[in-house]
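Engineer: fold the following, please.
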Amino acid sequence: MSKGKSKGQENVSSSLLSSLENERLQELLGRRCVAMATAVVQLYMALPHSPTEWSLQHTGVMCFVKDNPRRSYYIRLFDIMEAKVVWEQELYNQMTYSCPLRFFHTFAADDCQVGLNFASETEADLFRNITEEKINQRTNRQEKRQHAPSEDKRPLPQIPPPNGPVSQPSVMATVDIQNPDIVASRYRSTSVPTPAPACITTGKKDKKGKKKGPKLTKADIGAPSGFKHVTHIGWDPNSGFDTNNLDPDLKKLFNIAGISDAQLADKETSKLIYDFIEQSGGLDAVKEGMRKQVPGGPRSAPAPPPPRGGLSSVPGPTGRPPPPSRSPGPPHRGPPPPAPHCNRSGPPPPPPPSQSHKPPPPPMGACAPPPPPPPPPPPSSSGNFSSSPVSSAPPPPPPSGGGGGGGGRGTLLEEIRRGRVLKNVSESPDPNPPAQEESSEGIVGALMMVMQKRSKVIHSSEDEEDDGGEEEEDDEWDD
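Structural biologist: Predicted structure coming up:
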């Protein structure tokens, strides 16, 4: 019996059913549902295709149920043997429940006319009384609802004075300071809601009457101060930056920093960029930094390339002793193999070439062919040292004479060794990074540094995920 109880109400059982059947019926009722009347009946219907004849549909236990979860009343027919609800009809407004016979009751259902043939007249009387009582309560409640608001609406329009026009409620939201009666009309407008009952509105009137004592005047309202125009960056925590409504200065900043639309739409990356803008002083500070950096922006881009190409190419021909150190510096690939060839002698020592022009005639006479033979040795040397175009003109004659004399090779080897030592000491690429750092100063450089750190974190996290992904999948399917 406890399962069917709700707020002190108990299920009404049928005297024609056994205690076991009544308990089973209580289980079928459901949670927080109460059977206010129970009877064994036959369910007849006047179906649409034969509205003048009653046809038997079911035989079972009919209950008048108060369904608390649905907040309504139902007439439900249960089949105890099959343990299910066979048919139900919800109580509706203006429902007519008629009793042509004491044991036979009829009413209009949703689809057709329904007849209930009761096995017990006492159960039929109880069922009729409960049903008619609830129908009358519902109709009376509906009539009260219809009449109560209509009576309350008459005095309500008279309460506010005629100085409040109909268009005032919409103006209230804008709070026009120039109108001295704005406060009074604002308080009055809250007491006008039509659907509220009369008892509630009277209480509000009393409270508002007390509040009207200290009226606010125009003098009590101070002048506006501390206004600040706050610009919206266009960032949303979930969707990132709105690329369609971005500030033009921000767009320019993102383009210079190489930030793509996909990165702006990414939740974590956009949050990082937003935090950077806030830490930099907000949108206004970023705009000022961009304006200051606009003239210096183009200078920073070309600065890094010239030092590398200019330093290595310009000082080679100008310096007398240092050129050998710098000229072999750029061609790191050539120095080890070409020790015997004379191509190196051209660039490092300008005096030797002048001397080499004078000695070649005697060796050339010894070798018989004057100018033609020199070309054969240079091809091998020119293939090895194609990187030094300036020295290619003077070297061809010395190699022909160099074949006969070994002293020239020794001097060349010494010079090459000197060049190696100088090459190892010179560190031309090192001074370039500071130039890049200087060029990356300012708001753009700081943002680029932040994005570089972010990309490193992303790549490292992706590598970790790739390493541990298979293990996680294996653990997931252990069960």
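
Engineer: in this protein, where is pLDDT below threshold?
Structural biologist: Applying pLDDT under 70 to the chain flags residues 1-8, 148-214, 218-220, 222-233, 293-408, 410, 418-441, 459-479.

Engineer: residue 234 and residue 444, how far apart?
Structural biologist: The spacing between residue 234 and residue 444, counted by C-beta to C-beta, to the nearest Å, is 19 Å. Using the backbone N, CA and C atoms, a C-beta is placed for each residue, glycine as well.

Engineer: ok, and the closest non-adjacent residue to residue 132?
Structural biologist: Once flanking residues are discounted, residue 132 sits nearest to residue 97: 5.7 Å by C-beta to C-beta, 6 or more residues apart in numbering.

Engineer: show me the beta-bridge partners of that neighbour.
Structural biologist: residue 107 (DSSP bridges).

Engineer: now swap in the one 4 residues further on and tell me
Structural biologist: Beta-bridge pairing for residue 101 (DSSP bridges): residue 104.

Engineer: now stretch 68-87: buried residues?
Structural biologist: Neighbour-count burial for stretch 68-87 flags 73, 74, 75, 76, 77, 78, 80, 85, 86, 87 (criterion: 16 or more other C-beta atoms under 10 Å).

Engineer: which among those gets closest to residue 133?
Structural biologist: residue 73 (10.5 Å; C-beta to C-beta).

Engineer: let me see the contact set for the closest one.
Structural biologist: When contacts are counted by C-beta atoms under 8 Å, 6 or more residues apart in numbering, residue 73 touches 64, 65, 66, 67, 90, 91, 134.

Engineer: quick check: which element contains residue 81?
Structural biologist: According to DSSP states H and E, residue 81 maps onto no helix or strand at all.

Engineer: so it versus residue 98, what's the distance?
Structural biologist: Residue 81 is 31 Å from residue 98, by C-beta to C-beta.

Engineer: who does the helix or strand harbouring residue 139 touch, helix- and strand-wise?
Structural biologist: Using DSSP H and E, residue 139 sits in helix 121-153. Where contact means 3 or more C-beta pairs under 8 Å, 6 or more residues apart in numbering; DSSP states H and E, helix 121-153 is packed against strand 33-46, strand 55-67, strand 97-101, strand 104-108, strand 113-118, helix 198-211.

Engineer: walk me through the domains of the protein.
Structural biologist: If you go by automatic domain parsing, the domain ranges for the chain are 2-145, 330-425.

Engineer: my guess is residue 26 contacts residue 14. True?
Structural biologist: No: Residue 26 lies out of contact with residue 14 (C-beta atoms under 8 Å); the separation is 11.4 Å.

Engineer: partners of residue 42 in the sheet?
Structural biologist: Residues in beta-bridge contact with residue 42 (DSSP bridges): residue 59, residue 117.

Engineer: now do the contacts for it.
Structural biologist: With C-beta under 8 Å, 6+ apart, residue 42 has these contacts: 56, 58, 59, 116, 117, 119.

Engineer: select only the buried ones of the residues you listed in ChimeraX?
Structural biologist: The buried residues among these can be selected in ChimeraX (16+ other C-beta under 10 Å) with this line:
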select :116,117
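
Engineer: now render the contacts of residue 42 as a markdown table, adding distance to residue 246.
Structural biologist: Below are these laid out as a markdown table (distance: C-beta to C-beta, whole Å):
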| residue | distance to residue 246 |
| --- | --- |
| 56 | 75 |
| 58 | 69 |
| 59 | 74 |
| 116 | 72 |
| 117 | 77 |
| 119 | 80 |
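
Engineer: closest to residue 108 among the contacts of residue 42?
Structural biologist: For these, the nearest to residue 108 is residue 116 (12.8 Å; C-beta to C-beta).
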